[in-house]
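> model this:
(2 chains)
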Amino acid sequence: SAVISQKPSRDICQRGTSLTIQCQVDSQVTMMFWYRQQPGQSLTLIATANQGSEATYESGFVIDKFPISRPNLTFSTLTVSNMSPEDSSIYLCSVPLRESDNEQFFGPGTRLTVL
Amino acid sequence: AQSVTQPDIHITVSEGASLELRCNYSYGATPYLFWYVQSPGQGLQLLLKYFSGDTLVQGIKGFEAEFKRSQSSFNLRKPSVHWSDAAEYFCAVGAGEYGNKLVFGAGTILRVKS
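Numbers count the residues shown, from 1 in each chain, chains lettered A, B, ... in the order given. Purely as a prediction, here's the structure:
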C-alpha cells in the first residue's frame, strides 16, 4: 500500500487568489492523479502527473487554471489559480503503486472554500 | 466515452438487513471496475475490484460485487449491514492504458437505521 499526505487539509480563500496543494507519497511512484470532488458530486479527474513530463489534462481542465508540478517521484503540487466560488471542492491526489496497476491509493483530500 | 451510473442517490437500510447498491457502466472494452467507500471526513478506500476471472468478487468488510457483462452492471452487495457501513459508496470504471484513470459514478449515500 501507499501512505499519502496532502497539505493543507483545508483552506478558506478569497476569490482571485491562488492556492497550491501538496501531495506527498511515502514511496516512489511514476504516476500521480489529481481529482476534484465538488460539493455533493462525484470525483472528476483533473490531470495525470508523471515525473519528468508535462501533466496531461482531461477535457474541461487547462494548465493555466490548474498548473501542476511533479519535481520527483514522491511529490506533486496542484495550484488552483484565480479562484472563484465555483472552485470550492475537495481536491484529492491518488497513486497506483506501479504504472501498470489499476488499484489506486487516495490521499485524504484538501477541502477548499472560496469566498 | 466511459461513464458510470449509480441510480440511487440515497439508500436507507436497517442494521442487519441485506444491501445492494446498483452500478451500471458504459465502456467499449472489458472494463476495470471498482467500488470505493468514503466515510465522513475520511479518504476513499477501495472495497473491491474486478478486471478478469470470476465474476463474483469478494472485498473487504464483508462486501461482494458481481460483474454481469450482459447487463453492464457491477452491483455491490452485503448480506448484513452494520451501522459502521454508513458512508458514501462510489462505483468507478478504469480508463486509460492501464485502467487506472478512474471515471466515477455520482455515488450512493448509505444510511443505516438501528
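> near chain A, which residues of chain B are found?
When proximity is defined as CB under 8 Å from any CB of the partner chain, chain B approaches chain A at B:32, B:34, B:36, B:42-46, B:49, B:51, B:90, B:94, B:96, B:98-107. Where you see a C-beta, it was placed from the backbone N, CA and C, and this is true even at glycine.
> in strands only, show me those residues.
Among the residues of chain B next to chain A, the members falling in strands (DSSP state E) are B:32, B:34, B:36, B:44-46, B:49, B:90, B:94, B:101-104.
> quick check: the most centrally placed residue in chain B vs residue B:104, distance?
By CA atoms, centre = their mean, chain B has its centre lying nearest to residue B:35, at 3.4 Å. Noted for residue B:35: a distance of 11 Å to residue B:104, by CB to CB, to the nearest Å.
> shared neighbours, the two?
Taking CB atoms under 8 Å, 6 or more residues apart in numbering or on different chains as the criterion, residue B:35 and residue B:104 both touch B:90-92.
> if you rank the residues you listed by neighbours, which is first?
Greatest neighbour count in these, by other CB atoms under 10 Å in any protein chain shown, goes to residue B:91: 29 neighbours.
> beta partners of that one?
With DSSP bridges applied, residue B:91 shows beta-bridge pairing to residue B:35.
> give the contact list for it.
If you count contacts by CB under 8 Å, 6+ apart, residue B:91 has them with B:4, B:6, B:21, B:23, B:25, B:33-35, B:74, B:76, B:104-105.
> this completes my enquiry, with thanks.
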